[in-house]
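need a 3D model of the sequence below.
(chains A, B, C, D and E)
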Amino acid sequence: MNLLMMFVAAIFVQNYVLYYFLGICPFLGVSKKIDSAVSMGMAVTFVMTITAVVSWMINHWILIPYKLDYLQIVAFILVIASLVQLVEMFIRKISPPLYQALGIYLPLITTNCAIMGLALLASLKNFSFLETVIYGTGSGLGFTLAIVLMAGIREQLDLADVPEPLKGAGIALIVAGIMALAFTGFSGMIN
Amino acid sequence: MQKKTFHHGIHPPEHKHFTETKKLEPLPAPDKVFIPLHQHFGAPAKPLVKKGDEVLLGQKIGKSPVLFSASVHSSVSGKVLSVDGYAHPLGKPVTTVTVSNDGEDRLAPETQGHENPFSLSAEDIRARVKEAGIVGLGGAAFPAAVKLNPPKDKAVDTVIINGCECEPMLTADHRIMLEYPDDVIQGAELVRIATGAQRIIVGIEDNKLDVYKQLRQRDYAFPVEISLLKTKYPQGAEKNLIAALLKREVPRGGLPFDVGVVVQNVGTAKAVWDAVAHGKPLYERALTVSGSGIAEPKNLMVRIGTPFQAVIDHCGGLKEQSNLVVMGGPMMGLTQWTTQVPVIKGTSGILVWSEEKPAREYNCIGCARCVGHCPMGLVPTQLMKFIKYDALADAESAGILDCVECGSCQYSCPARIPLVHWLRLGKNKIISEKRKKSA
Amino acid sequence: MTDTGFLLRSSPHLKARDSVPKIMYAVVISLMPAMAASFYFFRLKALAVYLICLAGCLATEAVFLRVRKKPMSSLWDGSAVITALLLAMTLPPDLSWDIVLIGSVIAIALGKQVFGGLGNNIFNPALVGRAFLQVAFPVAMTTWSPPATLVIDTVTYATPLGNLKFQGALAQGTLTPLSDLFWGNTGGCLGETSSLALLLGAAFLLFRKTIDWRIPAGAILALGAFTGIFWLTSPQEYASPLFHFLAGGFILGAFFMAPDMVTSPITPTGAWIYASGIGLMVGLIRLFGGFPEGVMFSILFMNTFVPIINRYTRPRILGQRRGT
Amino acid sequence: MDVLLPILTMAVLGFLFSVGLAVAYQKLKVEEDPRMVAVSESLPQANCGACGYSGCRAFAEKVIKGDAPANGCPVGGSETAARIADILGVEAGEMVRRVARLHCRGDREAAKNRGRYLGLTTCYASHLVGGNKQCSYGCLGFGDCVRVCLFDALHMDENGLPVVNEDNCTACGMCVDACPRNLFELHPIDQNVLVYCRSLDRGPAAKKACKNACIACGICSRACPEGIEIKDNLAIIRDYKKIEPEQIPALEKCPTDSIGRFHKSDEG
Amino acid sequence: MSTKSLSAEYLKGLWDENPVFRQLLGMCPVLAVTNAVINGIAMGLAASFVLILSSVVVASIKKLIPTQVRIASYIVVIATFVTVADRFMAAYFPPISKALGPYIPLIVVNCIILGRQEAFSSRNSVGRSFIDALGMSTGFVLALLVLSSIREILGAGTFLGMQVMGSWFKPWIIMILPAGAFITLGILLGIALLVEQKTRERRAS
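Numbers count the residues shown, from 1 in each chain, chains lettered A, B, ... in the order given. Purely as a prediction, here's the structure:
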């Protein structure tokens, strides 16, 4: 039950985008079309889960035993950079259209703070291995939910008379704000 | 009594009382008729006469060049004044044969009937229908011979005779059924023979109970079923009528053939009978002249090529301040900019009234009435937005090409958005883009 | 174009009578009984809140219309009036005027006009205003006063749902009686106290077919099912579905806010999904969440799903094979 | 040891990851033509589709395959063509600059309206219901062409006709496609004699609808029989090259001003 | 290769190429840590420190790095400086370090920093890169300052902890919460675009 709660909390209550402000760049950049948002969400969820696993191993088997935790930042970023590059190559191989749609944002997963944030937060919260995996997947799905909802809304706003200066990132941020308001409804549900 | 009907649709005020009880009366042929060579769905006919030629009533003056076309016949006897571009109810000028009427109605010799039409083969019936230039008289003007010729791999089991006349204000079909029931039913039988179907169903809406009762009381030598339908618009649309009567759904982008059905309008059925039994080509049709802008609304038999003005004059002329002239019904009819345009084969009515300044348009508020009323199951407001913001591919995948432009959405729209105009715009853009791509 | 000659336009040439302002004012009329009830229970305090909301919303709307060069007549299409009334109905009667004003400006500006005005907004404007205030001024927004018809000498007063959640009303047997909830003899937001008045207005809307019946029906069914299961398993721990239906802002939300045409799905299937989502979430928040009431958050939350729901629940096109 | 450990750790980690990446790189390699990048970069990236392909990237692909000519991008003009040709090592081919020109002079003054048009205010929409003007061939005046122009080369003048700003026009052809009545055509910039009418109505009818309509009187075709002919009630420039400069004043005697030099001030 | 004058190189970061308002980069910390002015400034300074030093280092070793591994190398350089900044903050300003939580280490993935290395430092001289980084940093700090001032003043009635609003003012708690951050930044972006549009129009006319 505890794990399930954690999973749900990671998706709704402490949503990476709407609560921690992590992964804003892709959240704004790849949320113009539902299809690419779904792909991006999936890619992020995938990378997040693996990152959670690998960073936990590095943290608990190498860094902590040898008291090297000040190397955390460098070590984690290395893991993430390599993983993202792998995923990038993989997508490019199996689906060139998807690769084109995700465009410059795929390499940007490297600099997606959601993933680095996950590695750091998981180590900060001292999760066990299983918890880390659940937390990673849940957070990834939370990101996916936020970005897909945002894409749906933005597709609709493409067909609306939004004031010129607010078009694009401006209105997207305001929508994100109201989404964050709506998600506060979940607060207190899981401590 | 179980009344059949289809899903969704609307029930606008009928306004049929103007002409419901008026007998069909023949309109005397005018001094000059203007017969366009393009009055049907498909390619224009090629002229067979030139300036100065003598023509007879019913003489073929335009020949269909390809399968999807229809021949055109003279509706008077007299002299050809010109073969040139002339105003047309569909908007763009069309090559038109102008004939001065000598008033004698000398019949062309080729108009020969057949004593026992039911003995004719399917082939013969089709040939005679094609020769007579018959098109669907409901309004779409689809060449009738094409409809009588189902593809080999598609067996037709049912002929539906469309007596719905679901458009408000129009009553010409109603009168035809009331006054020429034999012609209609016998024409239907010919259609049945030509298509190899087993049965005929005549669908009549419950606002024409007199017709229904009259047709029910008769005895028929062949399998005819008279079916009562709940009055609703657009029941007369082919696909909806098939759904209402047979619970069959014509597949998207398909034809009634695909579900073993042929649908013909009552006027077309009568024209088929006239052509096969009496050798009479399609040179006149029944139409309703109505609306608050007409002094004496009437149902008339009018020669093809008669200018609207002559028809309106016969009905007492235009009332002052009339500012809207529509060819067809009020839901799907086309506005006219001049009353000089001629009556064509697809003219089911001439409606005139006056209108105030149009009400203001609002943004779509998502009331979903268009969704609830669309007889095709589309989401008109979404399609409208796709077109408005140039997302043609989205519009296409959302099914815009299935739209039949019946106007149910726009009728019910409280924001008064010209939905049909948007959808027509989108359909045309998508189709022309496709054509460009395939070219 | 000149004004001479015949009219030229695309078909159809007939028009049903209903119009956007008529629909909007029907909603306004349907809110009248509940407004009257709030005047009765909260006296002049209620009137002040309504007036400030109206002034704030209409003024904000007017400013945006002017700046964006839209027809000023849109001000009176009724939509801003509805936003003002609905916002007022979700506020505590004692809220100070400046907070009410902030709420009404936010409702129109952030809830509606930044998206392009009427018809383009994603979220229910009144609820955006209300949620903004809830998060901005949590204390003021949860300070309730008893209705004028109750004689109680306390400064603070809990709503029936607050009572249930924080004071263990069920265990102590102090749960607000259903009859009080029905007539409105309880504390709470201005417009949500009297279920009877709200249901009268709702009946009018349903009769006039202004709102989609599926949405209140779906929300009630989902809330009933959710709270019903818990109530049946443990009635001493959980309140009955009927209590949840009558208490708090559920009726106001289910009949007047969730069915808001602009922010609810346009497809029939979509309406069911959306409504049951709201019902479920209200149950979740009330039973397990940190807030005693969850109608507002639930509707806003489901609003975010509407574009996607609309996209993936299109009706079947006539002749379309199932599954294609 | 304190210094060695971190260095060692990072070295091992770095080594492991690089090996992994290197292997993956070999397995999942996707070739991309370096010329692709170069060609793409030299294109204007307007994605207007004037080349006939769906955007600049598609065009670049075709050019590299040899399916499209190096000078196939009308927007980029000869400069881009030269650059692409340089990248691919082929001849660029001569490009004569072309511009869009409108074949109608039926402005608000000249052309009569049919009636009160109440539909959507776009040309295409108006065309669908037969148009708002009596002439069924002429400009509808709602500016669809202006809206599609990506290069700010079109605007509506005060009389409701679109005007081409030739300096900005790139001959991308968007206006040609956008006009529901096909009134735009791309012409070499130095061709300055045009027929400003597309009406196939007979003289009297055409004249009635628009005072600048071609009435097929034949003055121009008599002045220049080799270059101009009358067909279907309309003067047509069959071959511009056969119009001698000295013939131009004669054909400009057109009674309805429907043929003539592009700029009246041009001499000779 | 940039050919601007050095002052233009600096000034572009303030407005024309402002990383936050014009390029929409580095949004995460902008949103996350601007609930108080002090946090905003601390974050801005930390990021500036990393940006300037990384730019200088990258510009000076650009010829040594093979193109295939350049991103990874930049990241290692950046990560090193971030670690330094992180340790420094933790040692000397523990409360701020605590308030900023994981967002200081997250500077390592801030798109502004990597973006400048890729777009500028890897192609320009050390001096130019320094000026560019300085300009970008100033722009970033300014953006953080603007946002955090609005949020702190409205959300708490204070500026840098000092009471600036009268006692009549009721703090808008929402402003120091996520929702307020998003909405404020969204509106600021709109205003920035509007200003940009107007100046462009004025220049054109």
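
and the closest residue to residue C:112 other than its chain neighbours, how far from chain E?
In this structure, residue C:112 finds its nearest non-sequential neighbour in residue C:125, 4.2 Å apart by CB to CB, 6 or more residues apart in numbering or on different chains. In this view, the C-beta of every residue, glycine as well, is placed from N, C-alpha and C. The gap separating residue C:125 from chain E is 14 Å, by CB to the nearest CB, to the nearest Å.

also residue C:56?
Distance of residue C:56 to chain E, computed by CB to the nearest CB: 16 Å.

contact partners for that residue?
Contacts for residue C:56 were tallied using CB atoms under 8 Å, 6 or more residues apart in numbering or on different chains; they are C:84, C:100, C:101, C:103, C:104, C:105, C:108.

which single one of these is nearest to residue C:195?
When those are compared for distance to residue C:195 (CB to CB), residue C:84 wins out at 22.4 Å.

would you confirm that that closest one contacts residue C:54?
Yes - Residue C:84 is within contact range of residue C:54, at 4.5 Å (criterion: CB atoms under 8 Å).

shared neighbours, these two?
Taking CB under 8 Å, 6+ apart as the contact rule, residue C:84 and residue C:54 both touch residue C:104.

okay, the two: which has more neighbours?
residue C:84 (30 against 18; other CB atoms under 10 Å in any protein chain shown).

what does chain A have sitting close to chain D?
A:58, A:62-63, A:66, A:68, A:71, A:74-75, A:78-79, A:81-82, A:85-86, A:89-90, A:92-93, A:96 (CB under 8 Å from any CB of the partner chain).

if we go to 7 Å?
A:62, A:66, A:68, A:71, A:74-75, A:78, A:82, A:85-86, A:89-90, A:92-93 (CB under 7 Å from any CB of the partner chain).

now the residues you listed in TSV, with neighbour count and distance to residue B:222?
Output for the residues of chain A next to chain D, formatted as TSV (neighbours: other CB atoms under 10 Å in any protein chain shown; distance: CB to CB, whole Å):
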residue	neighbour count	distance to residue B:222
A:62	16	92
A:66	13	98
A:68	19	96
A:71	21	94
A:74	23	91
A:75	24	89
A:78	22	86
A:82	21	81
A:85	21	78
A:86	19	75
A:89	20	73
A:90	16	69
A:92	18	69
A:93	14	68
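
which of those residues lies at the shortest distance from chain E?
Nearest to chain E, judged by CB to the nearest CB, of the residues of chain A next to chain D is residue A:74 at 4.3 Å.

now for the helix or strand hosting that closest one, which elements pack on it?
For residue A:74, the host element (DSSP states H and E) is helix A:72-94. Contact analysis of helix A:72-94 by 3 or more CB pairs under 7 Å, 6 or more residues apart in numbering or on different chains; DSSP states H and E lists helix A:34-57, helix A:96-102, helix A:105-110, helix A:113-124, helix D:4-27, helix E:70-92 as its packing neighbours.

switch to 6 Å and redo it
helix A:34-57, helix A:96-102, helix A:105-110, helix D:4-27, helix E:70-92 (3 or more CB pairs under 6 Å, 6 or more residues apart in numbering or on different chains; DSSP states H and E).

okay, the angle between it and helix D:4-27?
Relative orientation of helix A:72-94 versus helix D:4-27 (axes from the mean of the first three to the mean of the last three CA atoms, to 10 degrees): 10 degrees.

could you give the angle of helix A:72-94 to helix E:70-92?
Helix A:72-94 and helix E:70-92 are oriented at 150 degrees to each other (the same axes, to 10 degrees).

now helix A:72-94: average pLDDT?
Per-region confidence: helix A:72-94 scores 81 on mean pLDDT.

ditto for stretch B:123-133
For stretch B:123-133, the mean pLDDT works out to 92.

and what of stretch A:131-145?
93.

burial measure for residue 158, as a count.
With no chain named, the answer covers chain A. 17.

other chain: chain D
Using other CB under 10 Å, the number of residues around residue D:158 comes to 7.

make JSON lines from the contacts of residue C:56 and add pLDDT, distance to residue B:75 and secondary structure to it.
Listed next are the contacts of residue C:56 as JSON lines, based on pLDDT from 0 to 100; distance: CB to CB, whole Å; DSSP: H, G, I helix; E, B strand; the rest coil:
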{"residue": "C:84", "pLDDT": "96", "distance to residue B:75": "65", "secondary structure": "helix"}
{"residue": "C:100", "pLDDT": "95", "distance to residue B:75": "75", "secondary structure": "helix"}
{"residue": "C:101", "pLDDT": "95", "distance to residue B:75": "75", "secondary structure": "helix"}
{"residue": "C:103", "pLDDT": "95", "distance to residue B:75": "73", "secondary structure": "helix"}
{"residue": "C:104", "pLDDT": "96", "distance to residue B:75": "69", "secondary structure": "helix"}
{"residue": "C:105", "pLDDT": "96", "distance to residue B:75": "70", "secondary structure": "helix"}
{"residue": "C:108", "pLDDT": "96", "distance to residue B:75": "64", "secondary structure": "helix"}
